[in-house]
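From the sequence below, what's the structure:
(2 chains)
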Amino acid sequence: MDKQVRVRFAPSPTGALHIGGARTAYFNWLFARKNQGVFVLRIDDTDRARSTEESYRQILDSFQWLGIDWDEGPDCGGPYAPYRQSERTEIYRSHLQKLIAEDKVYPCFCSAEQLQADRDEAAREGRPPRYSGRCRNLSPEERARRLSVGDPHVYRLRTDGGGETVVHDLIRGDVVFQNSEIDDFIVWKADDSPTYHFASCVDDLAMQITHVIRAEEHLSNTPRHVALFEAFAAEPPVFAHVPMILAPDRSKLSKRHGATSVSEYRDMGILPEALVNYLLLLGFSPGDDREIVDRETAIELFSLDRVAKHAAVYDVKKLEWLNAHYFRAQSPDVVIDQIWKQIVHLGYVAPDEVDRHVLAWLRTVVEFVQTRSRGTADLIEGMRPYFEPVTTYDEKGVRKQFSDKATPERLRAVAQRLAGVAPFTAPVIESSFRALIDELGLKAGQLIHPVRLALTGVTVGPGLFDVIAMLGREETCERLATAANRIDAGTIAAQ
RNA sequence: GGCCCCAUGGUCAAGUGGUUAAGACACCGCCCUUUCACGGCGGUAACGCGGGUUCGAAUCCCGCUGGGGUCACCA
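Numbering: from 1, shown residues only, chains lettered A, B, ... in the order given. Next comes the predicted model:
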């Protein structure tokens, strides 16, 4: 019987959660859920200078929003607590002591400046920038002496330099590294804290992590990690390095590439379902041609051997398409909840609105506009004509729909006809409207389009008779009159 | 620069020696229709290059080119 699967995602709280990190976390989560395993959230905040509490909160928020939950973590605890590296220093220290006792690590007194100079020289001479080994073979006496006088020092792992290390990667197969490529790297910093490599391996060991699923940027570091596990006489976990997500110019993702963090997409109105679906498809294929894959289906389908090997360039257009799909599938009530703060801010509704007529009408407007929106931004833009007076008219629309000299008189005719329509519902409006079209000897579009423009200021939107019904008789007639007057007065072209 | 990974349309991505080389987004056209969106139908568009292996290579091997990563007292 195999051990229980335990995976982890270990972000460092030095910024927002990136979509690359989110995808890696999602893959870990899917793998855990698929294999009845445990998903651990660990905070790698060994970099005290750059880690912030705000980033920590933001990362947790982003995961919650995405619908990715964890079984063990800093907020909910677990059998291997604590889950923040900054609170595990003593655990690292005891592991370091063990390695010191076994002479598997040694103190190095080289200064950062000295090491930099070494690297510069190596670069000039075209040699690989590896540690010289200057402090590797100090005599015990010398070591003890410098330690006792408090010389600043780090600790390095004593690597043997021979043979090769094979990383068994579930996505890439066996990757072979010559051990001569690996120098005596630092595991403990001069400020008396562990390096990332050290803390990460100690935690993966202590937390019984069985599979390390992480970004490809760590593949080159993996032989170091394997060396560390060997120093602890432990079996390394199974590795799987997922490809990176690249910006549209094929460079590494950074702020200058626009939205790269989960929170930015949330602020843009992207739904978590859409983002998670998109991230899944970026680097993973279900094998068939389905594109819409929700979390539950993804759990069923997920398998590391269907994860791509090559980096992917993200494409916001496809994300938006997915978002449109999920957005339209929502009930208007859910949508209203999502946009409530914004429409309150715009003054479309009172923050404490309770009038059922107002709410029912709002629901109707949302219902009609939602079906042709890709997200909340579109929706709110499309709702505008029903909440704000029309002050400008679409320029191209004006040229096309208001150019006929008869337009003002036709708009007035419509207003006059509609003034007598009751009940003021779409079907009744439509029959009356179409009768007028016949009387005027026009084609439907000849009257419908100018009226839409006069009523909403734009050339797109729900069916005209629904628009008229939503605006109501009084408002409709008023807007028609206003438009007619402004055409006559020539105050539209100026817009 | 050394080492490591990768390489199918603009983007995502099926494909594991024999296919007319899927599908999706985007783009274009047509249909539906009072507009837009949705939906339906159709179209443009790909195996980076060069050598092998093989009766036969997108698929296997080598080289090259290109992209990415890593070599920190960052993670």
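
Not counting residues beside it along the chain, what's closest to the most centrally placed residue in chain A?
The centroid of chain A falls nearest to residue A:262 when counting by CA atoms, centre = their mean (2.8 Å). Excluding the flanking residues, the one nearest residue A:262 by CB to CB, 6 or more residues apart in numbering is residue A:62, at 4.1 Å. (Glycine included, C-beta is placed from N, CA and C.)

mind checking how far the residue nearest to residue A:271 when sequence neighbours are not counted is from residue A:278?
Nearest residue to residue A:271, sequence neighbours excluded (CB to CB, 6+ apart): residue A:326, at 4.9 Å. According to CB to CB, to the nearest Å, residue A:326 stands 10 Å off from residue A:278.

Can you pick out the residue with more neighbours from the two?
More crowded of residue A:326 and residue A:278, by other CB atoms under 10 Å: residue A:278, with 24 against 19.

which parts of the helix or strand of chain A with the lowest mean pLDDT are buried?
Least confident helix or strand of chain A, by mean pLDDT, DSSP states H and E, is helix A:112-124 with a mean of 84. Buried positions in helix A:112-124, judged by neighbour count with 16 or more other CB atoms under 10 Å: A:115, A:118, A:119.

and the residue nearest to residue A:271, what helix or strand is that in?
For residue A:326, the element it lies in under DSSP states H and E is helix A:316-329.

Not counting that helix itself, show me its contacts.
Contacting residues not belonging to helix A:316-329 are listed as A:258-259, A:265, A:269-271, A:273-275, A:277-278, A:281, A:291-292, A:335, A:370-371, A:373-376, A:379 [CB atoms under 8 Å, 6 or more residues apart in numbering].

From the buried residues of helix A:112-124, list the ones also adjacent to RNA strand B.
A:115, A:119 (CB under 7 Å from any atom of the strand).

wait, which of the buried residues of helix A:112-124 is closest to RNA strand B?
Nearest to RNA strand B, judged by CB to the nearest atom of the strand, of these is residue A:115 at 5.4 Å.

Test my guess that that closest one contacts residue A:131.
Yes: counting by CB atoms under 8 Å, residue A:115 does reach residue A:131; the two are 7.4 Å apart.

List the buried residues in the one helix or strand the residue nearest to residue A:262 maps to.
In this assignment (DSSP H and E), residue A:62 forms part of helix A:53-66. Residues A:55, A:56, A:58, A:59, A:60, A:62, A:63, A:65, A:66 are the ones in helix A:53-66 that count as buried (16+ other CB under 10 Å).

For residue A:41, give its distance to residue A:64.
According to CB to CB, residue A:41 stands 11 Å off from residue A:64.

Please apply the same query to residue A:408.
Taking CB to CB, one finds residue A:408 at 56 Å from residue A:64.

swap in residue A:332?
Counting by CB to CB - residue A:332 and residue A:64 are separated by 25 Å.

before we move on, what about residue A:192?
Distance, residue A:192 to residue A:64, using CB to CB: 35 Å.

Tell me where chain A has strands.
Using DSSP state E, the strands found in chain A span residues A:6-9, A:38-41, A:105-108, A:154-157, A:164-169, A:173-178, A:186-188, A:211-215, A:238-242, A:245-246, A:312-313.

Name the stretch among these that sits most buried.
Ranked by mean neighbour count, the strands of chain A are led by strand A:6-9 with a mean of 26 (mean count of other CB atoms under 10 Å).

contact partners of it?
Counting by CB under 8 Å, 6+ apart, residues outside strand A:6-9 touching it are A:21, A:24-25, A:28-29, A:31-32, A:37-42, A:70, A:203-204, A:207-213.

How about the residues of the stretch 301-450 of chain A by RNA strand B?
Counting by CB under 7 Å from any atom of the strand, the residues of the stretch 301-450 of chain A near RNA strand B are A:306, A:308-315, A:317-318, A:320-321, A:324, A:371-372, A:374, A:430, A:444-445, A:448-449.

Which PyMOL command selects the buried ones in those residues?
Applied in PyMOL, the following selects the buried portion of those according to 16+ other CB under 10 Å:
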select buried, chain A and resi 311+312+314+320+324+374+430+448+449
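
per-residue confidence for the residue nearest to residue A:271?
If you check residue A:326, the pLDDT there is 97.

Same question for the one 3 residues further on.
Residue A:329 is assigned a pLDDT of 95 by the prediction.

same deal with residue A:288?
For residue A:288, pLDDT reads 89.

Distance check, it against RNA strand B.
Counting by CB to the nearest atom of the strand, to the nearest Å, the gap from residue A:288 to RNA strand B is 7 Å.

neighbours around that residue, how many?
The tally of other residues near residue A:288 (other CB under 10 Å) stands at 7.
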